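Enquirer: Show me how the following folds:
(4 chains)
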2 protein chains.
Amino acid sequence: MNVGKHYTRPMPSATETRKALKLAEKLCQERGVRLTPQRRNVLAVINASDQPLGAYDILEQLRAQQPRIAPPTVYRALDFLLTEGLIHKLESLHAFVGCHHPDHPHHSQFLICEDCGEVDELHSPLVRDSLDDAAKARGFAPKHSTVELLGRCARCQA
Amino acid sequence: MNVGKHYTRPMPSATETRKALKLAEKLCQERGVRLTPQRRNVLAVINASDQPLGAYDILEQLRAQQPRIAPPTVYRALDFLLTEGLIHKLESLHAFVGCHHPDHPHHSQFLICEDCGEVDELHSPLVRDSLDDAAKARGFAPKHSTVELLGRCARCQA
DNA sequence: AGCCGTATCGTTACTTTATAACATACGACC
DNA sequence: GGTCGTATGTTATAAAGTAACGATACGGCT
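Expert: You can find the predicted model right below:
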């Protein structure tokens, strides 16, 4: 897959990754859902990456430990993590990123740099409200939003 | 593919479709690009549909007249039509719809009904501006936007 | 008209992304 | 210990998209 071509920022630290996993565990416990080892593994791979990962990228990484793991296992874990709001899917890349604020449901907006692959997760209330208003004006009841801007990040323009 | 399951609104009239094709021809001529028969055929199929169509749906329809047509031909036509702003791609559905305002470039926002498959193309200046502002605040230079709300349209709620 | 360069298209084969279907395992509860 | 629901393993296949290369068509030129 390899989204970024030029600059790539440093991988998330092991500490950050562990903290994210701890939070995920806590949230799942609170909600009465199970963060099973497979789901945890998938989340760990995603959180440990500095780039969005495709399902088959994740698969490949998991095969290092579990050579016989197959696509449905990964997709099932991804479905779970999406449902629980622990990750996001970037539709325009067919790739997945960890959620920065998994503790409450939200619309997110993503700025995706085509040069370096960096993904910036925003939660602009203005964007959210303007979208809600637009939907309301049409009597439309939104369940899920996909908001992705593709372009160049500040660093790659400089 | 078959996006809509329940209500489906009537197909666009032949008159509408013809008008859209006329406009597309005019725009292409003005721009010095060629709306070739294959491109025209693909556009016609998309415009004649009341639902977003996947590339392979389009392929299948074209095969009625041209049994040996292959995926690359369709994808090339789709690329052209996207570049010229004559159609849009709905990333969350892997499907394509005709553009309602092909005469000037624009960000669009889409309201996609999960029940009936209807797609509403919006051009809310508030949404556009709030997204531009959010991007600007991060020094991000957007090239393309994907804004899609999935949910239920007014009719399907009633 | 004939020639050239480029754009478009045909064709084959293939890659990448995603899911259906069914078998097996495992844990919670009676 | 049986059985019910949830999660996973496993095989196969569907759906979406592209690479590569040759053939043909088109527009501009002399």
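
Enquirer: Partner strands of the helix or strand harbouring residue A:151 and their direction?
Expert: Assigned by DSSP states H and E, residue A:151 belongs to strand A:141-152. According to DSSP bridges, strand A:141-152 forms sheet pairs with strand A:109-113 (parallel), strand B:141-152 (antiparallel).

Enquirer: right, and these - which one's nearest DNA strand C?
Expert: Of all these, it is strand B:141-152 that lies closest to DNA strand C, at 13.5 Å by Cβ to the nearest atom of the strand. Just so you know, the C-beta spots here come from the backbone N, C-alpha and C atoms, and that holds for glycine as well.

Enquirer: chain center to that closest one, what's the gap?
Expert: Distance of strand B:141-152 from the chain centroid (Cα atoms, centre = their mean, to the nearest Å) equals 13 Å.

Enquirer: for it, which positions count as buried?
Expert: Buried residues in strand B:141-152, counting neighbours by 16 or more other Cβ atoms under 10 Å in any protein chain shown, are found at B:141, B:142, B:145, B:146, B:147, B:148, B:149, B:150, B:151, B:152.

Enquirer: in chain A, which spans are strands?
Expert: Here chain A has its strands, by DSSP state E, at A:87-90, A:95-98, A:109-113, A:119-122, A:141-152.

Enquirer: Got the confidence number for residue A:4?
Expert: Note on residue A:4: pLDDT of 48.

Enquirer: Distance of the residue sitting nearest the centre point of chain A relative to residue B:146?
Expert: Chain A has residue A:97 as the residue nearest its centroid, 2.3 Å off, counting by Cα atoms, centre = their mean. Here the criterion is Cβ to Cβ, to the nearest Å. By it, residue A:97 lies 15 Å from residue B:146.

Enquirer: Next: residue A:125.
Expert: 20 Å.

Enquirer: ditto for residue A:123
Expert: 17 Å.

Enquirer: Quick one: residues contacting whatever residue of chain A ends up closest to DNA strand D.
Expert: Going by Cβ to the nearest atom of the strand, DNA strand D is nearest to residue A:36 of chain A, at 3.1 Å. If a contact means Cβ atoms under 8 Å, 6 or more residues apart in numbering or on different chains, then residue A:36 has no contacts.
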